[in-house]
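**Q** give me the fold of what follows.
(2 chains)
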Amino acid sequence: MKLLAIDTSNRPLSVAVLDDTKILATTTTTVGRNSSVTLLPLIEQSLKQAGLTPAELDRVVVADGPGSYTGLRIGVTTAKTLAYTLDKTLVGISSLAALAGNIVAEGQLVAPLFDARRDNLFAGLYRIENHQPVSVIADQHVSVTDWAQKLAGYSEPIIFLGQAVDQYQSVLQAALTTNFVRGLPQFDLPQAAILGLMGRTAAPVEQLHAFVPNYLRLTQAESEWLAKHPKEDHAPYVEKI
Amino acid sequence: MEKRNLILAFESSCDETSVAVVADGHEILSNVIATQINSHKRFGGVVPEVASRHHIEQITICIDEALKEANVTYADLDAVAVTYGPGLVGALLVGVSAAKTVAYAHNLPLIPVNHMAGHIYAARFVKPFEFPLMALLVSGGHTELVYMQADGQFEIIGETRDDAAGEAYDKIGRVLGVPYPAGKVIDEMAHQGQDTFKFPRAMIDEDNFDFSFSGLKSAFINTVHHADQIGETLDKNDLAASFQASVVDVLTTKTMRVLQDYPVKQLVLAGGVAANHGLRERLAELLPAKFPQTELLLAPLKLCGDNGAMIGAAGYIQYQQQQFGDAALNADPSLEFDWMPNMVH
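**A** The predicted structure is shown next:
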């Protein structure tokens, strides 16, 4: 199976091309500012290096959230459109799970996290089983203090991953004491090759048109509206004219 | 028979997701439009993040329906066109990402289109353009007079210094309790009322081609609030009629003045507010009387709002002029035409 894997969930951008478990091309950039400018040229370059045309792909795998809303939409729109327009299978993998996949120690607890601003995180807890991250606590939007408290209940070391860990290290370390383990910085970056390996065996999306990022948060406007209108339902919100 | 040029065109700059197939720049084979009005009604206006989320729900459905309705395959297409600005950046990015991907996957040239050029070219579906041409572009985000010496050349002669006309409609709509988008309902109310309030006509006598609508909006709001305070009830239809009379007076007076300095073969009325009947009727009345040599091209009512077909029509001109983009194309939320002051004076 030839597949393209894409992760644009945060500032780092990662693209890989695989043929089954063989990694044909992989690139991760860390300081780029605009996935909309860099993603498609990197896909072109990666497929060229791998000696493949887009039509020769069998599958597209994308990190589908959580993360930066705009970043996610660029990756998911590109992946979804590519899979749709070439009639390929599409797989969405949690952006946090993809990051947890950087850790290979069997049985290890891993806590990947992204900054969600104002002392909030997008975070999940995973355990590495049979070389795959398996969800222990579902991905969620959560305050740093709540997350620290939840994880403090585990009496074993947890490896923290993500570029935002340093920012919240004091709170997390205070709650977890010696069970707080800071992952190595190279594992803070998403690796599309790992995403691709995870997506290779995962079940493809059944309703391609309905595939959207897992934002894990309603927009502020919608949550405020729902708070004021708990029983109303205006759907469908989008109509063909 | 020569093969027709077929362009797959994308539009997602605000709250409509649209994909169209356009033949030879002037024939619509399909024009699928998914509107989010029902969603943004909840908030009294377009919420950018909500709009972006709806676009990604709709985008591949729109492509699918556009191709099926037009009964064409990718092999039949000559190019992919897409709005890359101006507009809401998150919304634009969905269309831009999708269009770039389709172009790449099928080895088609990519045409980046200015949304405002698209609005003007909505009138191309009525008949061929003759130059020089003047366009009065009125929408929720823009109010401008655009001079064209040839296809693909756009020069701004005048523009609003504050609110766009469509924006003013939405804002006074809120005061009148009219749901977003307010333009159509206020237009209907205006036809049942009289201009009794005589709101100001900002900048109408000034020797330039610029507009201003924020003073009108404030005068309107003050009038309503003052009446509320003294417990007086004002006739809403008269309020609407007075507001619309001011907008239409200013727009048409400035347009007639610009035509004196810039003699043109055609006057195009385009943009979302071009669907306003009061404005269409006044121009149809004034233009033949004052400039009998100038032909009025009203963008078709169905194509005044945002749609992919107009992007396909503008994209066709760029296709002929070989103006292509590449895989690095980005959205440009504040994309503008060139500003060309005092060209003739």
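**Q** element containing the residue in the stretch 1-150 of chain B that chain A sits nearest to?
**A** With C-beta to the nearest C-beta as the measure, B:S39 is the residue of the stretch 1-150 of chain B nearest to chain A, at 3.4 Å. Backbone N, C-alpha and C define where each C-beta goes, glycine included. In the assignment (DSSP states H and E), B:S39 maps to helix B:37-40.
**Q** what comes up buried for the helix or strand just after that helix?
**A** Sequence-wise, the next helix or strand downstream of helix B:37-40 (DSSP H and E) is helix B:48-70. Across helix B:48-70, burial judged by 16 or more other C-beta atoms under 10 Å in any protein chain shown covers B:48-67, B:69-70.
**Q** give me the subset of these touching chain A.
**A** Filtering those for proximity to chain A by C-beta under 8 Å from any C-beta of the partner chain leaves B:49-50, B:52-54, B:56-61, B:63-65.
**Q** just these now: which is nearest A:D139?
**A** Nearest to A:D139 among these, counting by C-beta to C-beta, is B:R53 at 17.9 Å.
**Q** my read is that the closest one contacts A:T219, right?
**A** Yes: B:R53 sits in contact with A:T219 when judged by C-beta atoms under 8 Å, with a separation of 7.1 Å.
**Q** next one: the helix holding B:S39 to chain centre, how far?
**A** Offset of helix B:37-40 from its chain centre (C-alpha atoms, centre = their mean, to the nearest Å): 19 Å.
**Q** I'd like to know which elements it is packed against.
**A** With contacts taken as 3 or more C-beta pairs under 8 Å, 6 or more residues apart in numbering or on different chains; DSSP states H and E, helix B:37-40 sits against helix B:48-70.
**Q** for the helix it packs on, the averaged confidence score.
**A** Mean pLDDT, computed over helix B:48-70, is 97.
**Q** mind giving me the packing neighbours of that helix?
**A** So helix B:48-70, by 3+ C-beta pairs under 8 Å, 6+ apart, packs with helix A:69-86, helix A:220-228, strand B:6-11, strand B:16-23, strand B:27-35, helix B:37-40, helix B:89-105.
**Q** A:G75: what's its closest spatial neighbour, skipping adjacent residues?
**A** The shortest distance from A:G75 to any non-neighbouring residue, by C-beta to C-beta, 6 or more residues apart in numbering or on different chains, is to A:T8 (3.4 Å).
**Q** next: B:G25.
**A** B:Y316 (2.8 Å).
**Q** tell me if I'm right that that neighbour and B:D24 touch.
**A** Yes: applying C-beta under 8 Å, one finds B:Y316 in contact with B:D24, separated by 6.9 Å.
**Q** which of these two has more neighbours?
**A** B:Y316 (27 against 13; other C-beta atoms under 10 Å in any protein chain shown).
**Q** just the element for the more buried one, please.
**A** Assessed by DSSP H and E, B:Y316 sits inside helix B:308-320.
**Q** relative to helix B:89-105, how tilted is that helix?
**A** Orientation check (axes from the mean of the first three to the mean of the last three C-alpha atoms, to 10 degrees): helix B:308-320 against helix B:89-105 gives 50 degrees.
**Q** for B:Y316 and B:D24, list the residues in contact with both.
**A** Common contact partners of B:Y316 and B:D24 (C-beta atoms under 8 Å, 6 or more residues apart in numbering or on different chains): B:N5.
**Q** which strand of chain A spans the most residues?
**A** When chain A is parsed with DSSP state E, its longest strand is strand A:132-143.
**Q** neighbouring strands - and their directions - for it?
**A** Paired strands of strand A:132-143, with direction, are strand A:120-129 (antiparallel) (DSSP bridges).
**Q** how about the helices in chain A?
**A** A:35-50, A:69-86, A:95-100, A:144-152, A:165-176, A:192-201, A:220-228 (DSSP state H).
**Q** can you tell me which of those helices is most buried?
**A** Highest mean neighbour count of the helices of chain A: helix A:95-100, a mean of 30 (counted as mean count of other C-beta atoms under 10 Å in any protein chain shown).
**Q** roughly how far out does it sit from the chain middle?
**A** Distance of helix A:95-100 from its chain centroid, counting by C-alpha atoms, centre = their mean, is 5 Å.
**Q** before we move on, what about stretch B:273-283?
**A** Centroid separation between stretch B:273-283 and its chain, computed with C-alpha atoms, centre = their mean, is 13 Å.
**Q** and that stretch, anywhere near chain A?
**A** No: between stretch B:273-283 and chain A, judged by C-beta under 8 Å from any C-beta, nothing touches; the nearest distance is 12.9 Å.
**Q** tell me the mean pLDDT for that stretch?
**A** 96.
**Q** dump the C-alpha coordinates for it into CSV.
**A** What follows is stretch B:273-283, C-alpha atoms only, in CSV (Å, rounded to 0.1, in the frame of the first residue of the first chain):
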residue,chain,number,x,y,z
VAL,B,273,-26.1,44.8,-3.0
ALA,B,274,-26.6,44.8,-6.8
ALA,B,275,-29.6,42.6,-6.0
ASN,B,276,-31.2,45.6,-4.4
HIS,B,277,-34.3,46.5,-6.6
GLY,B,278,-34.2,50.2,-5.5
LEU,B,279,-30.7,50.5,-6.8
ARG,B,280,-31.3,48.5,-10.0
GLU,B,281,-34.5,50.5,-10.8
ARG,B,282,-32.8,53.9,-10.2
LEU,B,283,-29.8,53.1,-12.4
